[in-house]
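A.B. asks: Using only what follows, build the 3D model:
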Amino acid sequence: MNKKILKWNFIFQYGYVITNIINSVILLPLYLKKIDSSTLGLWLATGNILAWMTLADPGVGDVLQQKIAQLRGKNENNEIGLTIGSGFSASACILLISVLAGFIFYFLIGTIINKDVSKYDGLQVALLISIIATGMSLVSFSLSGINQGMQNSAPVAISSLTGNFLFLMTNVLLLYFGFGVISIAFSNLCRAVYINIFNLAALKKVLNKEKMHIIFNASHFKKFIKIFSFTSVSRIIGGFSASMDMIVLARFVAPSMITIFEINKRPIQMTQSLIGRHSVALMPVISHAHGKGEDEGIKSMINTQFKYFVYAALFIALCFCFNYQSLITAWTGAGKYAGNLIVFLLIGNFFFDLLGYFMANMGYALGDIKMNSFINIFKGIVSGILYYVVTKPYGIIGLLIVMITLNILIDFIFFTYRLYKLGYLNMKFMRHSLQLWAMIIPLVALAGLGFNYLYNLVIPVQMYIIKILLNGFSFTIFFIGIVLLLDKSLRTDITEMLSSVFKLNTNKQTVLNEQ
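C.D. replies: Down below sits the predicted model:
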């Protein structure tokens, strides 16, 4: 498997999230300063409505990535050309449908939010630009998926990171020239157009190099779109069920408590998105190797990467357990911490959702798209019903118990079993991993409690940041030490990695000395 491609996949996935976070940190104060608060508030509210446009995309980019990577592994160049042609046709349809949906929402927005949007400076123009920008963004998902499927990951990473930089610079410039909320919409459009042009040029280059052609074929297109009969329903139900928790809470829980819940949920959600990108980065490489028939290599990669993934998720989860109250208080002030029970349920949900997400993505990459979509449909329907039934008498606690139960039973257990049935998960490895977790978790949990107790005694209550830093540093050192002590295979992996790095540096130095 090509490590260079995997490296670029990681750069794309992590870099995209990190640059988005940096942009948010820089731009939010500018938005508050340069845009009228009422206009900004309505922009945020109407932005959520226009986001429904994205439901027009049944996941074409993901399917293109999986199919083309697998075909690339099999060297079926003609079929790749047909698939790219069908992908282009599907993207054109999505662009048309999403823009039409956007204009329908545009004319209904005033009725939906019960406000006259024409009274807010620049909002109407910004919404119109945003419709086109959202449609172009959906097209960029398809082009990125094609390039990643072609194992042409570097341009995808470069275009996304530089696109985010372009978004930032354009935004800042237009805000200072007084364009207000139009700055945000136009910057989004610039980024989407730039990413599309960059990816299209990169695709053309690789196709010319490989002497491949894009083929448009009506019968192939009809066969291609049949895949989306499941994925489209899955995305629609998944999109609605993802927001169902807040809708149900709004019905049965006091608004003040919903605000506190959202504050406590936000850091966990951001971290979950960042860690989850690891499994997404593996998908194009797994699909390509599957096409080449490298089954043993796939098994080895899944087992190894899952081990790293679990340790990262476990480390963050335990760090949250011992520092979350200090983190929330330092961030938002006293009285905003939701309580240990709610927070621990959020953290448990975070951990098992990540494990299930990894397994589901591996199955998807291996071509198990219909089953993946069917299970997501099933989960979306069941969760929507249970959210309503359980939240009404038991509130937030009931909602979180439903979430964590479904994540364990469906996301983690079922998708793990499914990957095993596909023949790509070593159960001996899983049993060994469970035995390691059974030893590691109690030891590091006790150490975390000890560090927490110690720093609570010696550090003044109001010094939250100092306490988080010291507690986090101490726990990190202990966690790494225990994991390396008990996990022999991880020690071997790290030793081999350090040896290869040292050997590479030595070879470079030798070449330089010879020159």
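
A.B. asks: Leaving out the residues flanking it, which one is nearest to E262?
C.D. replies: Leaving aside its sequence neighbours, E262 sits nearest to M246 (C-beta to C-beta, 6 or more residues apart in numbering; 7.5 Å). C-beta here means a position set from N, CA and C on the backbone, and glycine is covered the same way.

A.B. asks: Surely the one you found and V253 touch.
C.D. replies: No. Using C-beta atoms under 8 Å, M246 makes no contact with V253, being 9.8 Å away.

A.B. asks: Distance-wise, check A154 relative to Q148.
C.D. replies: 10 Å (C-beta to C-beta, to the nearest Å).

A.B. asks: Kindly report the same for L175.
C.D. replies: The gap separating L175 from Q148 is 33 Å, by C-beta to C-beta.

A.B. asks: So those two - more neighbours on which side?
C.D. replies: Using other C-beta atoms under 10 Å, the more surrounded residue of L175 and Q148 is Q148, with 31 against 21.

A.B. asks: what about that one, helix or strand, and which?
C.D. replies: helix 123-149 (DSSP states H and E).

A.B. asks: tell me what the helix or strand following that helix is packed against?
C.D. replies: Sequence-wise, the next helix or strand downstream of helix 123-149 (DSSP H and E) is helix 153-176. Identification of packing neighbours for helix 153-176 by 3 or more C-beta pairs under 8 Å, 6 or more residues apart in numbering; DSSP states H and E yields helix 3-34, helix 123-149, helix 182-210.

A.B. asks: now the angle from helix 153-176 to helix 123-149?
C.D. replies: For helix 153-176 against helix 123-149, the angle by axes from the mean of the first three to the mean of the last three C-alpha atoms, to 10 degrees is 170 degrees.

A.B. asks: what bits of the stretch 401-515 of the chain have low per-residue confidence?
C.D. replies: 500-515 (pLDDT under 70).

A.B. asks: mind listing the helices for it?
C.D. replies: With DSSP state H, counting those that start in this stretch as the criterion, the stretch 401-515 of the chain has helices at 415-421, 427-458, 464-486, 488-514.

A.B. asks: could those helices go into a markdown table alongside distance to S86 and mean neighbour count?
C.D. replies: Listed next are the helices of the stretch 401-515 of the chain as a markdown table, based on distance: least, C-beta to C-beta, whole Å; neighbours: other C-beta atoms under 10 Å:
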| stretch | distance to S86 | mean neighbour count |
| --- | --- | --- |
| helix 415-421 | 27 | 18 |
| helix 427-458 | 38 | 14 |
| helix 464-486 | 46 | 16 |
| helix 488-514 | 40 | 10 |
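
A.B. asks: any chance of these in JSON lines, plus distance to F186?
C.D. replies: JSON lines is the format used below for those (distance: least, C-beta to C-beta, whole Å):
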{"stretch": "helix 415-421", "distance to F186": "41"}
{"stretch": "helix 427-458", "distance to F186": "47"}
{"stretch": "helix 464-486", "distance to F186": "38"}
{"stretch": "helix 488-514", "distance to F186": "44"}
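
A.B. asks: who's in contact with the most centrally placed residue in the chain?
C.D. replies: The centroid of the chain falls nearest to S273 when counting by C-alpha atoms, centre = their mean (4.3 Å). S273 sits next to V17 when contact means C-beta atoms under 8 Å, 6 or more residues apart in numbering.

A.B. asks: Quickly find the element holding I328.
C.D. replies: If you go by DSSP H and E, I328 is part of helix 295-332.

A.B. asks: Now that helix: buried residues?
C.D. replies: For helix 295-332, the neighbour count (16 or more other C-beta atoms under 10 Å) marks 298, 301-303, 305-307, 309-311, 313-330 as buried.

A.B. asks: Tell me the predicted confidence for R72.
C.D. replies: On pLDDT, R72 comes in at 88.

A.B. asks: tell me which element it falls in.
C.D. replies: Assigned by DSSP H and E, R72 belongs to helix 60-74.

A.B. asks: how far out from the middle of the chain is that helix?
C.D. replies: Mean C-alpha position of helix 60-74 versus that of the full chain (C-alpha atoms, centre = their mean, to the nearest Å) differs by 19 Å.

A.B. asks: Return the set of buried residues in that helix.
C.D. replies: Residues of helix 60-74 classed as buried: 60-73 (neighbour count, 16+ other C-beta under 10 Å).

A.B. asks: Please work out the average pLDDT along the helix holding Q148.
C.D. replies: Averaging pLDDT along helix 123-149 gives 90.

A.B. asks: Same question for stretch 313-331.
C.D. replies: 90.

A.B. asks: what does that stretch contact?
C.D. replies: Outside of stretch 313-331, the residues within contact range by C-beta under 8 Å, 6+ apart are 263-264, 267-268, 271, 275, 336-338, 340, 343-344, 347-348, 350-351, 354-355, 437, 440-441, 444-445, 448-449, 451-452, 464-465, 467-468, 471-472, 475-476, 479.

A.B. asks: again, but for stretch 341-359
C.D. replies: 261, 264-265, 268, 271-272, 275-276, 278-279, 306, 309-310, 313-314, 316-317, 320-321, 324-325, 337, 396-397, 400-401, 403-404, 407-408, 410-412, 415-416, 418-419.

A.B. asks: cutoff 6 Å now
C.D. replies: With contacts defined as C-beta atoms under 6 Å, 6 or more residues apart in numbering, stretch 341-359 is touched by 268, 272, 275-276, 279, 309, 313, 317, 320-321, 324, 400, 403-404, 407-408, 411-412, 415-416, 419.

A.B. asks: what do you get for stretch 407-418?
C.D. replies: Stretch 407-418 is contacted from outside by N349, F352, D353, L355, G356, M359, A360, G363, K379, using C-beta under 6 Å, 6+ apart.

A.B. asks: Give me the distance between the two termini of that stretch.
C.D. replies: End-to-end span of stretch 407-418 (C-alpha to C-alpha, to the nearest Å): 15 Å.

A.B. asks: Pull the distance from that stretch to the chain's centre.
C.D. replies: For stretch 407-418 - counting by C-alpha atoms, centre = their mean - the centre lies 19 Å from the chain centre.

A.B. asks: same deal with stretch 428-438?
C.D. replies: Stretch 428-438 has its C-alpha centroid displaced from the chain centroid by 27 Å (C-alpha atoms, centre = their mean).

A.B. asks: how about that stretch as CSV, C-alpha atoms only?
C.D. replies: Only the C-alpha atoms of stretch 428-438 are listed here, as CSV (Å, rounded to 0.1, in the frame of the first residue of the first chain):
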residue,chain,number,x,y,z
LYS,A,428,-7.9,-13.1,17.7
PHE,A,429,-6.6,-9.6,17.5
MET,A,430,-9.9,-8.2,18.8
ARG,A,431,-9.8,-10.6,21.8
HIS,A,432,-6.2,-9.6,22.5
SER,A,433,-7.2,-5.9,22.3
LEU,A,434,-10.1,-6.4,24.7
GLN,A,435,-7.7,-8.0,27.2
LEU,A,436,-5.3,-5.1,26.9
TRP,A,437,-8.1,-2.6,27.4
ALA,A,438,-9.2,-4.5,30.5
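
A.B. asks: Can you name the residues in contact with it?
C.D. replies: By C-beta under 6 Å, 6+ apart, stretch 428-438 touches N303, D487.

A.B. asks: go again using 10 Å as the cut-off
C.D. replies: Here stretch 428-438 makes contact (C-beta atoms under 10 Å, 6 or more residues apart in numbering) with 299-300, 302-304, 306-307, 310-311, 314, 416, 419-420, 426, 483, 486-490.

A.B. asks: Same list, the helices and strands packed on helix 153-176, but as CSV with distance to K392 please.
C.D. replies: Listed next are the helices and strands packed on helix 153-176 as CSV, based on distance: least, C-beta to C-beta, whole Å:
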stretch, distance to K392
helix 3-34, 35
helix 123-149, 35
helix 182-210, 38
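
A.B. asks: which of those helices is buried the deepest?
C.D. replies: Most buried of the helices and strands packed on helix 153-176, by mean neighbour count (mean count of other C-beta atoms under 10 Å): helix 123-149, with a mean of 24.

A.B. asks: now that helix and helix 60-74, what's the angle there?
C.D. replies: Angle between the axes of helix 123-149 and helix 60-74 is 10 degrees (criterion: the same axes, to 10 degrees).
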